Structure formats: C-alpha cells, structure tokens
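[1] give me coordinates for this.
(chains A, B, C and D)
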Protein chains: 2
Amino acid sequence: MSISPKLALLEEYALVARALSAPARLMLLEQLAQGERGVEALADKTGLTIANCSQHLQQLRRAALVTSRRDGKAVIYRLTDAKTLQLMDLLRIVAERNLAQVERILRGLSGGEDAPEPVSREDLSAWIAEGSVTVLDVRPADEYAAGHISGAHNMTLTEIERIVPTLDPATEIVAYCRGPYCIYAHQAVAALRKHGLNARRLDGGLPEWREDGRVVETAAMN
Amino acid sequence: MSISPKLALLEEYALVARALSAPARLMLLEQLAQGERGVEALADKTGLTIANCSQHLQQLRRAALVTSRRDGKAVIYRLTDAKTLQLMDLLRIVAERNLAQVERILRGLSGGEDAPEPVSREDLSAWIAEGSVTVLDVRPADEYAAGHISGAHNMTLTEIERIVPTLDPATEIVAYCRGPYCIYAHQAVAALRKHGLNARRLDGGLPEWREDGRVVETAAMN
DNA sequence: ACATCATTCAAGCGATAACTTGAATAATAG
DNA sequence: CTATTATTCAAGTTATCGCTTGAATGATGT
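    Numbers count the residues shown, from 1 in each chain, chains lettered A, B, ... in the order given. Predicted structure coming up:
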C-alpha cells in the first residue's frame, strides 16, 4: 500500500479534470464528438500545429477520454465512449447554469435579446416528417458531407445572411451545428431573428441527434 | 462581440474543469458534500494551511461550484447545488471506468482480492428495517455526530480491527463513509473480509443517502 | 533497402498555478 | 474605540503547463 492511497486516487480523478481544463482540448473533443478523426484533420480544424495537437491528444488519451487506433500511416482518434460526451455536457451545464459570464457571452451573440428556447430533437423529428420546417446545418461543408440531418440545408453564416430575403417569415426555421459547445447555430439564429424570421436552435447538435438513433444522411442533397 | 466568443465560452467551461483538477480542491468538495463548513474546519480536515485553503475555496467559488455566506466572523462555504455533486460523481465514474491505474489502487486496498459489489441504498434501507444488518460508519466522530444513518455504529479502522473477534460471521455487515471519494469504507471492508466476515460497502456515502431523502440521525446513539 | 509521409518524442521558453509567509480587512466583544 | 478572531489579500518561490522547433519513430510503397 502506498504512502497515501487516498491522494493517489484523487490524483487520478484530478487527471481527468485536468484533461478537460484547456480550451484547445475541449475543441478537440468537440471535433471528435462529430466522429473519429486523424491527427492532421484535427489540427486543421482547430488551428493547432500538428505536434501540439498530438500532445493534447495524448493527454486526452492518458485520461482515457479518447482512444486511438492505427490505420496505415495515420492514427485515428475517437471518444472512448458516451461517458466522455456526458462529462462534457455536464461540464457545460454547470458552467452555463452558474457562470454569469457565460450568460453575457451568449447574450452578446444574440444582439442583446434573449434567445428563444431550443427545439427538442423529438419535436424537430416530427416537424420534418410533416415537412413543416426548414432545417439549416451551420457547419463546414466537409462535416455536413460526413453526415447531417435528413433534408437539412448546409450553409455558412454568410450564406445565410445572403438568402435571408428569400425565406418565408411564416415558416419555422431550425438551425443546428456541432453541438452544445458550438456557437454557429447561436449566431445563425441571432442573424435570422434580427430579420424577423421565425428561427430557433436545435437542442444539442449532430452528435446528440445521432446518439438518439435518429436518421443521419451521409450524402449531400442540398 | 468579442474577437472570439467561441474561445471565450470554451475558456469558461475550462475554468470549471480546472477548478476540479487539483486533489486539494477535490478533498474540499468531498468535505463540503458532507455539509456546509467554515474555512478553518475545512483547513483542519484537509491538512491545508488556512490561507491556502481560502485560496482554493475562492477558486471553487469562481467556478461557481461552491457558494459562501457570512455567519458572524466566519465565512461558511457550501456546494452550490446538486449539479456540483453530479459533476464530481461523473468525474469519478469516468476515472474509475477508464483508468487501469485506479483499479490497481483500489485492488491494492482490498489486499489483492476483488471487492464484492457494493450494497444499494435501497437494500440497506430494507435490511435496517428488518434489523438484519450491522451498519458501520467509518468516519471521524465529529462527522458522525453531525449526521449518520440511523442505527449505524461509529468506529475508526483501528477500532474495527479490535472488535473483529466479537462479530458474528453470519451477520451481514455494511460499511459506509463520506462517499465515493472516500476510501475508509473500502479499507474497513477489506479488513473485515480478511477475517472471514460478511462485509460489504454501501454504494455511495452519507451525502448520497441524504440526497435520497432517507433518515439521517444527528445525535449519537452508539 | 530506401524514400516518403503521418505521427510522436525531446528540449527549451514564457506563462501560469500551488504553496508559503506576512500584512490587510471585516465582524464582534469588551 | 481597541482588541480579538476569522478570513482574505499580496508578494515571492518553485513546479508545471502549453506552445514551438527540430529530430526520431513507424508504416507504406518503390
């Protein structure tokens, strides 16, 4: 028995928390929540250098939040299991519940107005079946191609600004992006509502949608 | 809108994780899970200096994991809400699910044998009602006095070693302590089983028991 | 075997965190 | 008001983290 098994245990728990304590690693986890990725793709998406990215990934692996496998020359990383996603979610919930700072940042995004309640995935599913809703996927094109909600239109923020005049104010619009950590959908909804459109955010992003076992299309149909 | 609202948000989430990334702060949270405490009491229990303890508490407060109120000269800290406890639990679950290291430490405590499954709080409640179980509270006397499971006997590890011969191997024994972070109950069960007794750990500790809304006695009846 | 590409390792630098010490602030008692 | 007690603030030291750079490793194809 070591000198202090208690401390050793706490040290292990702290290691997991420490792995989540750098914005760069949270970005990596958000990317990995979309699906497994190689080191270079992750470095590209997050703007980190390859070496730096690799080191962060190893730290996440040490905390067992992600695992990796070799595929030829490439090493592919992925989230270990759903617990990792749960932990990220709870972290976000606690931060958003408690930190006035976060409120202010999110309010800044929606131009001072309070954003409306997000749409549940269940509701969106039903509306899609009725065809009574326009769904916007506010993610980069490659992520859209890798999988998106059936019938969703992929468009960037600037593209959205451009097509605003062609949209019907009576139609319900639902925007989604990578998930709770991602602010694209927040920004899209803010932009649309500023023009008087009936836009709301989806609760969660594509990872949560997929987790629910709902339909995900992998080919473009824009 | 700031230069990078996305990074600012991630920074906030990271702040919460960082607050959980030091063993000293996990110890403080574990203490606070037992109930609200003043700075000096926390410093005593954790072995930190007063000043150091105060600084850790402020960091926890910045992350909104704890809140404080003044009571005369003293400042009393407490967990902000149940979310804090949930976050600690999930952190522990992920660490224990994933880290072989943790397994090895826990196995080291139980002398090489695998520990039996913990007893659910529901089962223990029923057994207590039947009177068919001996309950051991393996925490310091002051924490026992502040609240314990009805009918539990308070005893330290060394006291347990001493009374081992007087215990009936046929009787079910259930030990509990502060909660999942605490290893007293692990050690007690290991010690008892080494003597052939029928001992198991309670799932969770007193905070979880109380959270369930079960009976907690505050006077000694040892 | 050799060349190539993706990833990892290793060393170094600047910034940040943890702990200590000693002084400052706040609330209460005399 | 002054003294006392509990807590917080501030400065300084040591250790650790995050990032960069350049070399090393591992798998693949010629």
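[2] for stretch A:166-175, which outside residues touch it?
    The contact list for stretch A:166-175 (C-beta atoms under 8 Å, 6 or more residues apart in numbering or on different chains) reads A:119, A:124, A:127, A:132-138, A:184-185, A:188-189, A:192, A:196-202. C-beta: built from backbone N, CA, C; applies to glycine.
[3] are any of those buried, and which?
    A:119, A:124, A:127, A:133-138, A:184-185, A:188-189, A:192, A:197-202 (16 or more other C-beta atoms under 10 Å in any protein chain shown).
[4] A strand includes A:Ile173, no?
    Yes: under DSSP: H, G, I helix; E, B strand; the rest coil, A:Ile173 sits within a strand.
[5] let me know the pLDDT of it.
    Model confidence at A:Ile173, given as pLDDT, is 94.
[6] and for it, the neighbour number?
    Applying other C-beta atoms under 10 Å in any protein chain shown, we find 21 residues neighbouring A:Ile173.
[7] quick check: bridge partners of it?
    A:Thr134, A:Ala199 (DSSP bridges).
[8] from A:Ile160, how far off is it?
    The gap separating A:Ile173 from A:Ile160 is 10 Å, by C-beta to C-beta, to the nearest Å.
[9] which residues do these two both contact?
    Common neighbours of A:Ile173 and A:Ile160 (C-beta under 8 Å, 6+ apart) are A:136, A:192.
[10] elements contacting the top helix by length along chain A?
    Longest helix in chain A by number of residues, with DSSP state H as the criterion: helix A:82-98. Here helix A:82-98 touches helix A:23-34, helix A:100-109, helix A:206-211, helix B:5-19, helix B:82-98, going by 3 or more C-beta pairs under 8 Å, 6 or more residues apart in numbering or on different chains; DSSP states H and E.
[11] what about it, distance to the chain center?
    Relative to the chain's own centre, helix A:82-98 is displaced by 12 Å; criterion: C-alpha atoms, centre = their mean, to the nearest Å.
[12] isn't A:Glu11 right up against B:Ala22?
    No: the pair formed by A:Glu11 and B:Ala22 falls short of the contact definition of C-beta atoms under 8 Å, at 9.6 Å.
[13] C-terminal to the helix or strand of chain A at the bottom of the mean pLDDT ranking, what's the next element?
    Between all helices and strands in chain A, the lowest mean by mean pLDDT, DSSP states H and E belongs to helix A:100-109, at a mean of 66. Next helix or strand after helix A:100-109 toward the C-terminus (DSSP states H and E): helix A:121-130.
[14] which residues does that following helix contact?
    Under C-beta under 8 Å, 6+ apart, the answer for helix A:121-130 is A:133, A:135, A:149-151, A:172, A:174, A:202-204, A:208-209, A:212, A:214.
[15] separation between the closest residue in space to A:Gly205 that isn't next to it in sequence and B:Leu29?
    Excluding its sequence neighbours, the residue lying closest to A:Gly205 (C-beta to C-beta, 6 or more residues apart in numbering or on different chains) is A:Gly179, at 3.0 Å. A:Gly179 is 27 Å from B:Leu29, where distance means C-beta to C-beta.
[16] repeat for A:Glu217
    Look at A:Glu217 and B:Leu29: by C-beta to C-beta, they are 44 Å apart.
[17] quick one: which of these two has more around it?
    Comparing A:Glu217 with B:Leu29 by other C-beta under 10 Å, the one with more neighbours is B:Leu29, at 23 against 14.
[18] from B:Gly35, how far out is the more buried one?
    B:Leu29 sits 12 Å away from B:Gly35, going by C-beta to C-beta.
[19] and if you look at A:Gly179?
    Using C-beta to C-beta, A:Gly179 is found at 36 Å from B:Gly35.
[20] and these two? Which one has more around it.
    For A:Gly179 versus B:Gly35, the count of surrounding residues by other C-beta under 10 Å is larger for A:Gly179: 22 against 15.
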